[in-house]
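[1] structure for the following, please:
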Amino acid sequence: MNKSVENKRVTESESSSLSLGKLKRLRTRVSRMKTCAVLFSVMAGMSSTPAFAAVYKQINFEWEYDSTVPELAGYILYQNGRYLQTIHNPTVQSIDLSVGLTPGKSEAFTMKAFDENGNESAFSPSYRLKVPAAVVGNNFLPTAILRPSTLSGKAPLALQLSAAGSTDFDGTITSYIWEFGDGRKAMGSNVSCVYKKPGAFSVKLTVTDDSGGAVVSEKVITVQAP
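    Residues are numbered from 1 along each chain as shown. Take a look at the predicted model:
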């Protein structure tokens, strides 16, 4: 399943040497399908030292443009200022590309439009895609967000727990497992429990994505005597 990345409105610079209308929106959507991981390294003597790891993901790019502009011929897509792809059909406003993403970095995507004579517009302002740092193989691990209704209180303490802010960059979250620190467990993105006795209880949330990647978030709940 695909997960949409929030879009950001961008408009073409008015100082463009080519008047080709306005780029209204550039948006990306990352899919877990058709991916591979490639490790680039440099040699130091007899050893290999990793320089950076690029994780390739299939990304859907969508944009809006005034395709009725006379002699408009297509678009050029860039990643971090480097050429990525040319689209030779001005009516096309969505493509799928396999793109190398660097974990922990912010990837900047921009566009130009060009006409039948080869004239190009100015760069659009960039759309930035923040890439998670945690990755295993070609799977970006999910982010577990644990939100308790309170961190302390007197017994009996009724506690509401939410994992609704948890996300997965390149897929979907398939399970939420809670451990309340007193032997009890529960499943679901939103759960509740009541602590009847005083003490310090470590609440753990384990979030797992559709590729089997799991992360844990933990908070301590302090229950005081009534």
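[2] show me the domain layout of this protein.
    The chain breaks down by automatic domain parsing into domains covering 3-135, 141-224.
[3] average pLDDT for the longest one, rounded please.
    Think domain 3-135. Regarding domain 3-135, the rounded mean pLDDT is 70.
[4] kindly report the same for the shortest one.
    Rounded to a whole number, the mean pLDDT of domain 141-224 is 98.
[5] going forward, the N-terminal residue is numbered 40.
    Got it, first residue is 40 now, which makes that one domain 180-263.
[6] so what's the residue count around Lys239?
    For the record, residue 239 is Ala, not Lys. Using other C-beta atoms under 10 Å, Ala239 is surrounded by 10 other residues. All C-beta atoms are positioned from the backbone trio N, CA, C, and that covers glycine.
[7] I figured it hits Gln263, correct?
    No. Counting by C-beta atoms under 8 Å, Ala239 sits too far from Gln263 to count as a contact (10.2 Å).
[8] centroid-nearest residue for this structure?
    Against the mean C-alpha coordinate of the chain, by C-alpha atoms, centre = their mean, the closest residue is Phe208 at 3.7 Å.
[9] so it: helix, strand or coil?
    Following DSSP: H, G, I helix; E, B strand; the rest coil, the label given to Phe208 is coil.
[10] tell me the spacing between it and Glu146.
    12 Å (C-beta to C-beta, to the nearest Å).
[11] which neighbours do the two have in common?
    Shared contacts of Phe208 and Glu146, defined by C-beta atoms under 8 Å, 6 or more residues apart in numbering, comprise Val170.
[12] across the sheet, point out what pairs with Tyr114.
    Ile126, Ala152 (DSSP bridges).
[13] residues touching it, list them.
    By C-beta under 8 Å, 6+ apart, the residues touching Tyr114 are Trp102, Tyr104, Thr125, Ile126, Pro129, Met150, Lys151, Ala152, Phe153.
[14] quick check: PyMOL command selecting the buried ones in those residues.
    Applying 16 or more other C-beta atoms under 10 Å to the contacts of Tyr114, the buried members can be selected in PyMOL as follows:
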select buried, resi 102+104+126+129+150+151+152+153
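[15] closest to Leu116 among the contacts of Tyr114?
    Relative to Leu116, the closest of the contacts of Tyr114 is Met150; by C-beta to C-beta it sits at 5.6 Å.
[16] give me the element the closest one is part of.
    Assigned by DSSP states H and E, Met150 belongs to strand 145-154.
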